[in-house]
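In: Got a predicted model here, sequence first, then my questions.
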Amino acid sequence: MHELQKNFKRPPRKHTPKGLEILYEDRDIVVVEKSNGLLTVGTEKIKENTAHFLVNEYVRKGNPKSKNRAYIVHRLDKETSGILVFAKSEEVKEFLQKNWPNTKKQYVAVLSGHLAEKEGLVSSYLLENSVHRMYSVPNSKDGKLSKTGYRVLKESEHFSLVEVDLLTGRKHQIRVHMADLGCPVAGDKKYGVKGQGVKRLCLHAASLTIVHPFSKESMTFESEIPPYFHNVMCKKLEPVKEVKSADGAPRATAPSATANKSVGGKKPKKSNAQRKAAALKREKNQRRK
């Protein structure tokens, strides 16, 4: 690495942003790990609690008059955790975005159910409807070409841990393509299964390989699989059932593991509270007679 990069010193620890882990930093870029639930950039309602705001404050070292700033190179959905790269100049931002199609982006996800093919490529044209929901269409006139590679790493009784290669960068691409295969991302409230008790979207940007804007070296940054993903893999649930949505695309649904349903044709046992309530109801009915 160039001598200028070797001599680079990070800001004091007291300026490290809360809610973000700094994976790497030099004079040109900052690489962080974003937690799920944190926006990448601000909205009209939320301006400060975002990854961009926190990194911007970090590179300014607490000085609002500083000319230093962080520039957005790419984004992750609010519900998705993982690796984000920020540039420290307009020139670096333009270089990274120009070379973004050659950037290798790898994710890990927990899916509801089991994929028929354990390794493959999903290709479709994605289109957004009036309620900001993405869906696949058969031709290029309506949607944008999207390609997603995947490989199953592990299967449990009702979930699959997969490695995903994002070959194009469309909105909600991985989430839509996995739902199209009948195995949506666990915890996906928009495209996925309800009633499984999964508390977050199980999608994580785990690896990113870029060409450094100054040294032109290939650099790979990695992030470990969130521990919660392993907890979800161990969940005991009823099997996922595939259904058809209004637009004809396959979706999945499963009842809650705690649903009060009969098993093997037998009625479920009533709780003490339910038995007491039934006894009181019978007693009232007898009094009326």
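Out: Arrived safely, thanks for sending.

In: Verify the stated contact: Phe53 with Ile46.
Out: No. In this structure, Phe53 is not within contact of Ile46 by C-beta atoms under 8 Å, at 9.2 Å. For the C-beta atoms, the positions are set from N, CA and C on the backbone; glycine is no exception.

In: and these two? which has more neighbours close in?
Out: Taking other C-beta atoms under 10 Å, Phe53 and Ile46 do not tie; Phe53 has more neighbours (17 against 13).

In: what's the more buried one sitting at in phi/psi?
Out: Dihedral pair for Phe53: phi -60, psi -50, per degrees, to the nearest 10.

In: three-state assignment of the closest residue to it other than its chain neighbours?
Out: Distance criterion C-beta to C-beta, 6 or more residues apart in numbering; nearest residue to Phe53, sequence neighbours excluded, is Gly42 at 6.3 Å. Secondary structure, DSSP: H, G, I helix; E, B strand; the rest coil: Gly42 is coil.

In: Gly42 touches His52, doesn't it?
Out: Yes. Taking C-beta under 8 Å as the definition, Gly42 is a contact partner of His52 at 6.8 Å.

In: Settle it for me: which of these two has more neighbours?
Out: Higher neighbour count among Gly42 and His52: His52, with 19 against 14, using other C-beta under 10 Å.

In: so who does that one touch?
Out: When contacts are counted by C-beta atoms under 8 Å, 6 or more residues apart in numbering, His52 is found next to Thr40, Val41, Gly42, Ala70, Ile72, Phe86.

In: So of these, which two are at opposite extremes in space?
Out: Spanning the widest gap among those are Gly42 and Phe86, at 14.1 Å by C-beta to C-beta.

In: Of all the residues in stretch 19-28, which ones are buried?
Out: Buried positions in stretch 19-28, judged by neighbour count with 16 or more other C-beta atoms under 10 Å: Leu20, Leu23, Glu25, Asp26, Asp28.

In: Which helix or strand contains the second one?
Out: Which is Leu23. strand 20-25 (DSSP states H and E).

In: before we move on, what about Leu161?
Out: Counting by DSSP H and E, Leu161 is found in strand 159-166.

In: now what about that strand, what contacts it?
Out: Strand 159-166 has contacts (C-beta under 8 Å, 6+ apart) with 104-115, 148-155, 173-174, 178, 183, 186, 206, 225, 229, 232-233, 235.

In: Can you select the buried ones among those for me in ChimeraX?
Out: Buried residues within those, by 16+ other C-beta under 10 Å, are selected in ChimeraX with:
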select :105,106,107,108,109,110,111,112,113,114,115,148,149,150,152,155,173,174,178,183,186,206,225,229,232,233,235
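
In: In strands only, show me the contacts of strand 159-166.
Out: Using DSSP state E, the members of these that fall within strands are 104-112, 148-155, 206.

In: So which residues of this structure form strands?
Out: Using DSSP E, the strands of the chain run over residues 20-25, 29-34, 71-72, 81-87, 104-112, 119-128, 134-137, 144-155, 159-166, 203-211, 218-222, 241-244, 250-253.

In: Can you say which of the ones you listed is nearest to Val59?
Out: Nearest of those to Val59, taken as C-beta to C-beta: strand 29-34 at 6.7 Å.
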